[in-house]
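Trainee: let me see the structure of the following:
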Amino acid sequence: TEALAVQGIQQGKYSIGGRALGKLIQGMLVLGYSRDRVLELQLIAHSVGRQTGNFLPFDDYEVLPGESLYVVRAKMRKQGRKLNYRWIADFNHKSKYGVGEGETLKIPVQELSVIAWRGARVLVVFAGDYPIRVFPCSAGRKGQETPLGSFTLGICEEKPAYYPSGKPAIPYGNPNNPLGERWMGYQESPSYGIHGTNSESTIGSYETEGCIRMHNTDVLELFDLLPVGAPVEIRS
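Mentor: Residues are numbered from 1 along each chain as shown. Sure, this is the predicted structure:
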């Protein structure tokens, strides 16, 4: 499967290679491959994400005068489409978020989802069957294990404050704030979610109170990719 994934992507057959990569990652994690071995696939997954506009379905959208990618994203959301601007940018093979009047954008039909494996401390972003990002993460410590199951992103905060039980709030930017740069809470369990960190060296361990914790650079990227309402599945 790995040979098919690598060969397909090297030959520019991203649909074949990407689908094989999705099976490969999930198969590795089911079979107990090491997390380091799975994380070796980060770059290849990112390359699939940058080529999705060449093989996944889309609708055309012509940029109107004065519109930015953020405005386009907002219009799509009003139509009920769960999209964020980083996903639109990636789909159009853009390294930046700028758009021009009259430009035709490809608006992806496929929405994004997340699967995180608690045991491996690995989080993967999928566009359907295709993995487009692979991130290392941390999970809950013994006695405060990260809950398994299906969740939905609810409140997403750019500058999260932390509210420890029975103590004053710790504002965003405070070095003692464990949420780091972003917070993405679950609608079903608002006290749990995905967030950044104030301790980069601990990523990959079991040291949270049940949340999924990520490097700040990674959680910034994830925050820009995922919209409110994106499904998140946490597996053992």
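
Trainee: mind listing what's buried in the longest helix that the chain contains?
Mentor: Longest helix in the chain, counting residues (DSSP state H): helix 14-31. Across helix 14-31, burial judged by 16 or more other C-beta atoms under 10 Å covers 14-22, 24-26, 28-29. For every residue, glycine as well, the C-beta is placed using N, CA and C.

Trainee: I'd like to know which of these is nearest to Asp36.
Mentor: Nearest to Asp36, judged by C-beta to C-beta, of those is Met28 at 11.1 Å.

Trainee: then stretch 209-219 to PDB, C-alphas only?
Mentor: Below are the C-alpha coordinates for stretch 209-219, written out as PDB (Å, rounded to 0.1, in the frame of the first residue of the first chain):
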ATOM      1  CA  GLU A 209      -6.600  16.900  31.200                       C
ATOM      2  CA  GLY A 210      -8.400  15.000  28.400                       C
ATOM      3  CA  CYS A 211      -8.000  17.400  25.500                       C
ATOM      4  CA  ILE A 212      -6.000  17.000  22.300                       C
ATOM      5  CA  ARG A 213      -3.000  19.300  22.500                       C
ATOM      6  CA  MET A 214      -0.800  20.300  19.500                       C
ATOM      7  CA  HIS A 215       2.200  22.400  18.600                       C
ATOM      8  CA  ASN A 216       1.100  26.000  18.300                       C
ATOM      9  CA  THR A 217       2.200  26.200  14.600                       C
ATOM     10  CA  ASP A 218       0.100  23.100  13.900                       C
ATOM     11  CA  VAL A 219      -3.000  24.300  15.700                       C
END
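
Trainee: and that stretch, how far from the chain's centre?
Mentor: 11 Å (C-alpha atoms, centre = their mean, to the nearest Å).

Trainee: can you tell me the closest non-neighbouring residue to Lys106?
Mentor: Phe58 (4.0 Å; C-beta to C-beta, 6 or more residues apart in numbering).

Trainee: number of residues surrounding that neighbour?
Mentor: Using other C-beta atoms under 10 Å, Phe58 has 18 other residues around it.

Trainee: helices or strands up against the longest helix of the chain?
Mentor: helix 2-10, helix 35-39, helix 42-50, strand 122-127, strand 130-136 (3 or more C-beta pairs under 8 Å, 6 or more residues apart in numbering; DSSP states H and E).

Trainee: go ahead and name everything in contact with that helix.
Mentor: 1-2, 4-11, 37-38, 41, 44-45, 47-48, 51-52, 54-55, 115, 117, 120, 122, 124, 126, 129-131, 134, 235 (C-beta atoms under 8 Å, 6 or more residues apart in numbering).

Trainee: hang on, the earlier thing: adding distance to Asn177, mean neighbour count and mean pLDDT, write the helices and strands packed on helix 14-31 out as a markdown table.
Mentor: Listed next are the helices and strands packed on helix 14-31 as a markdown table, based on distance: least, C-beta to C-beta, whole Å; neighbours: other C-beta atoms under 10 Å; pLDDT from 0 to 100:
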| stretch | distance to Asn177 | mean neighbour count | mean pLDDT |
| --- | --- | --- | --- |
| helix 2-10 | 39 | 16 | 95 |
| helix 35-39 | 26 | 15 | 97 |
| helix 42-50 | 27 | 19 | 96 |
| strand 122-127 | 21 | 23 | 98 |
| strand 130-136 | 21 | 23 | 98 |
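
Trainee: report the distance from the longest strand anywhere in the chain to the chain centre.
Mentor: The longest strand of the chain (DSSP state E) is strand 149-157. Remark: strand 149-157 is offset 12 Å from the chain centroid, using C-alpha atoms, centre = their mean.

Trainee: and that strand, which residues are buried?
Mentor: Neighbour counts over strand 149-157 (16+ other C-beta under 10 Å) mark 151, 153, 156-157 as buried.
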